[in-house]
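1. what would the 3D arrangement of this be:
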Amino acid sequence: MTERRAKELETALRDAGVRVTRQRAALLRVIAGSEDHPDAAELHARAEAAGAGVSLATVYRTLTTLQTQGVIAKLEFRDQPARWEAADQRHHDHMIDVETGEVMEFTHDRIERLQAEIAAEMGFEIVHHRLELYVRRRRG
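-> Below is the predicted model of the structure:
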C-alpha cells in the first residue's frame, strides 16, 4: 500500500512539472507511510532518518505542491504547526490533545446528523465542514 501511495504522490509531482529526485522520492515514501498527522519538521526528521538527505525547504515545497495537486490536505490547528494527511480519506473529524499535541481522528453518526439538522432548521444544507475538538485527558 505504501509503495502504491508513494507512486501516486510521485505522479502528482510530475503532473505539476516537478522533477522527482532521489531525495524527493525518499520523502514521498515517508509521507506515504505516515499514518499519523505529521508536520513538516516531523516529515523532515523521518526522511533524514531514512537517509534521504532532503532539506526542510524541499519538504515544504513538496508538501505545498502535493496540496495544490489535491493529494494531501493541510490541517491547521490552533497553536500548532500545520499538519498533513492524505486528501482521499472518507470524512472524519479531529480531536487535538492540548497537552501532548496528539491528533486523533473520529467519526460519529449522531454528530453528523445533528449538524445536518441544525443547518436544515436554519434553511441551509452542509456543503463541507470541519469539526475540531480540543481535549485534555480527565484526571482522576
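
2. who's the residue nearest the centre of the chain bridged to?
-> Closest to where the C-alpha atoms of the chain average out (CA atoms, centre = their mean) is Glu85, at 1.8 Å. Per DSSP bridges, residues listed as beta-bridge partners of Glu85: Ala73.

3. do the one 10 residues further on as well
-> Partner residues in beta bridges with Met95: Met104, Leu133, with DSSP bridges as the criterion.

4. neighbours of it, how many?
-> The local packing count at Met95 equals 14, with neighbours defined by other CB atoms under 10 Å. The C-beta positions use only the backbone N, C-alpha and C, and glycine is treated the same way.

5. surely it and Phe106 touch.
-> Yes: using CB atoms under 8 Å, Met95 is in contact with Phe106, at 6.1 Å.

6. ok, back up a step: distance of the residue nearest to the centre of the chain from Ala32?
-> To Ala32, Glu85 is 12 Å away according to CB to CB, to the nearest Å.

7. sketch out the low-pLDDT regions of the protein for me.
-> Counting by pLDDT under 70, the low-confidence segments of the chain come to 1.

8. now do 50
-> Along the chain, no part satisfies pLDDT under 50.

9. the domain parsing of it - what is it?
-> Under the assignment automatic domain parsing, the domains of the chain span 2-86, 93-135.

10. and those, which is most packed in?
-> Among those, domain 2-86 has the highest mean neighbour count (mean count of other CB atoms under 10 Å), at a mean of 16.

11. thanks a lot, catch you later.
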